[in-house]
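> task: produce atomic coordinates for the following.
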Amino acid sequence: MGSAARIEAFLEMMSAERGASENTLQSYRRDLEDAASSIQGPLAQASATQLRGYLAELAGRGFAASSQARRLSALRQFFKFLHGEGVRNDDPTGVLDMPRKDRTLPQTLTEDDAARLLDRAEAEIAEAVTDEERFAALRMHALIEVLYATGLRVSELVMLPVSVARRDERFFFVTGKGNKERLVPLSAKARGAMKAWLAARAANPAQAGSRFLFPAASDSGHLPRQVFARDLKGLAARAGLDAASLSPHVLRHAFASHLLQNGADLRAVQQLLGHADISTTQIYTHVLEKRLIALVNDHHPLAD
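The predicted structure is shown next:
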């Protein structure tokens, strides 16, 4: 069996047994195919020396340590699968060190900038001249209110079922990575924005029958995340913000950072974001550090 067939078998396992999303599967495919094209001979038979050389090649090609680490993670999963299937009796990735990552802080928004963005989205509903403009403004307002209120991944957001808006409840379940469900609270303002969008959506015959809250005439049947990201940049520019640095992921980071700044527990934020491992959430410890320093400075009797 050649490299391509081994990779396909691995991806089938990740889909069937691990519930990996299509985006995750595509990422694994790209990483493994890149490694297979770089290593002489079949990827399944690669040695630790060859794999180490491949990682060094990635560094030479200008890949950041985080990108190298992601490639190594894909290779580890792949060779673990081969070992489990009896294709190999060893795992060559076991002796490879994870590339050292620089501590990078997630790009985020200040609370004031987030408020400006939300206010601009709401104002554009009233300012709309045509029905088409109002329809688009209602959708964008609902999208960013829900995103900022929940911290959903953009793929989770655009794939929300319409039932979320119809129930008008303060909580809903969302299916995240690995088909894992988590409970997500929804603010009154986000529920209101969804209700207004739902009314406009119901009046549109092309969208009223869709099972998605944010339908679109796309292959998937829902609003593509790239379209939302593009429209979000346009809204940011109209709000006087730096459009180039704003993305749905930045709003997700803002959700987490603002919760922590206002007293939320790191473990609770982990659960809300759908992080399987607390170590993933620990990129936000800089927010906690600032809060704790302020707490001591404000309340310790010797702080002055």
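> hang on, residue 19 is in a strand, isn't it?
No: read with DSSP: H, G, I helix; E, B strand; the rest coil, residue 19 is coil and lies in no strand.
> list the contacts of it.
By Cβ atoms under 8 Å, 6 or more residues apart in numbering, the residues touching residue 19 are 178-180. For glycine as for every other residue, the C-beta is placed from the backbone atoms N, C-alpha and C.
> how about the helices in the chain?
Secondary structure of the chain (DSSP state H): helices located at 3-16, 22-38, 48-60, 65-84, 111-127, 131-150, 154-158, 163-167, 188-202, 225-238, 248-261, 266-273, 278-281, 285-299.
> out of those, flag the one nearest residue 174.
Closest to residue 174 of the helices of the chain, according to Cβ to Cβ: helix 154-158, at 5.4 Å.
> packing partners of that closest one?
For helix 154-158, the helices and strands in contact under the criterion 3 or more Cβ pairs under 8 Å, 6 or more residues apart in numbering; DSSP states H and E are helix 131-150, helix 225-238, helix 248-261.
> JSON lines for those helices, including mean neighbour count and distance to residue 43?
Below are the helices and strands packed on helix 154-158 laid out as JSON lines (neighbours: other Cβ atoms under 10 Å; distance: least, Cβ to Cβ, whole Å):
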{"stretch": "helix 131-150", "mean neighbour count": "21", "distance to residue 43": "38"}
{"stretch": "helix 225-238", "mean neighbour count": "16", "distance to residue 43": "30"}
{"stretch": "helix 248-261", "mean neighbour count": "20", "distance to residue 43": "31"}
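> just put the ones you listed in TSV and tack on distance to residue 54 and mean pLDDT.
TSV is the format used below for the helices and strands packed on helix 154-158 (distance: least, Cβ to Cβ, whole Å; pLDDT from 0 to 100):
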stretch	distance to residue 54	mean pLDDT
helix 131-150	37	94
helix 225-238	30	94
helix 248-261	28	84
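> make JSON lines from those helices and add distance to residue 204 to it.
As requested, the helices and strands packed on helix 154-158 are exported to JSON lines (distance: least, Cβ to Cβ, whole Å):
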{"stretch": "helix 131-150", "distance to residue 204": "7"}
{"stretch": "helix 225-238", "distance to residue 204": "17"}
{"stretch": "helix 248-261", "distance to residue 204": "23"}
